[in-house]
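Asker: Can you look at this prediction? I've put the sequence above it.
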Amino acid sequence: QVHLVESGGGLVQAGDSLRLSCAGSGRSFSGYGMGWVRQAPGKEREFVSSINWNGDATYADSVKGRFTISRDNYKDMLYLHMNSLIPEDTAVYYCAASDLWGPSRTYGQSDFDSWGRGTQVTVSS
């Protein structure tokens, strides 16, 4: 069973930076995609970013140029570096993993089947 644990959330001011981490366990992530999604109060869960085994990344337009996703394939770790945070980034951020194998595959939100419990990010204006 896949186990994903997020950390690194918190309360920051607009313009600040934050790094989220996700530790994966329970199965091999070799060749599989991972990513981040978020859910703001009163809104549906939305895609933030994904990364395949080869390191190719995809971003939502709302975070492109500000967020960077990365992974450590040897440690089964996933990261999200968030710069120039704005109040609209306030949400619970969830780490996600896919069971669709493909080192060069592009992953979207619908490709994820395992989720962490989330970490709260709050950006004050």
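Answerer: Sure, I can see it.

Asker: Would you mind measuring from the closest residue to residue 59 other than its chain neighbours to residue 81?
Answerer: Nearest non-adjacent residue to residue 59, counting by C-beta to C-beta, 6 or more residues apart in numbering: residue 49, 4.9 Å away. C-beta: built from backbone N, CA, C; applies to glycine. According to C-beta to C-beta, to the nearest Å, residue 49 and residue 81 sit 10 Å apart.

Asker: okay, these two: which has more neighbours?
Answerer: residue 49 (23 against 14; other C-beta atoms under 10 Å).

Asker: elements contacting the strand or helix carrying the more buried one?
Answerer: For residue 49, the element it lies in under DSSP states H and E is strand 46-51. Packing contacts for strand 46-51, counted by 3 or more C-beta pairs under 8 Å, 6 or more residues apart in numbering; DSSP states H and E, involve strand 32-39, strand 57-59, strand 67-72, strand 77-82.

Asker: what's the nearest residue to the residue sitting nearest the centre point of the chain if we skip its chain neighbours?
Answerer: Using C-alpha atoms, centre = their mean, the residue of the chain that lies closest to the mean C-alpha position is residue 36, 2.2 Å off. What sits nearest to residue 36 in space, not counting adjacent residues and going by C-beta to C-beta, 6+ apart, is residue 48, at 4.3 Å.

Asker: which strand in this structure runs the most residues?
Answerer: For the chain, the strand that runs over the most residues, judged by DSSP state E, is strand 91-101.

Asker: What mean pLDDT does that strand get?
Answerer: The average pLDDT for strand 91-101 rounds to 96.

Asker: Equivalent analysis for stretch 2-19, please.
Answerer: Rounded mean pLDDT across stretch 2-19 is 97.
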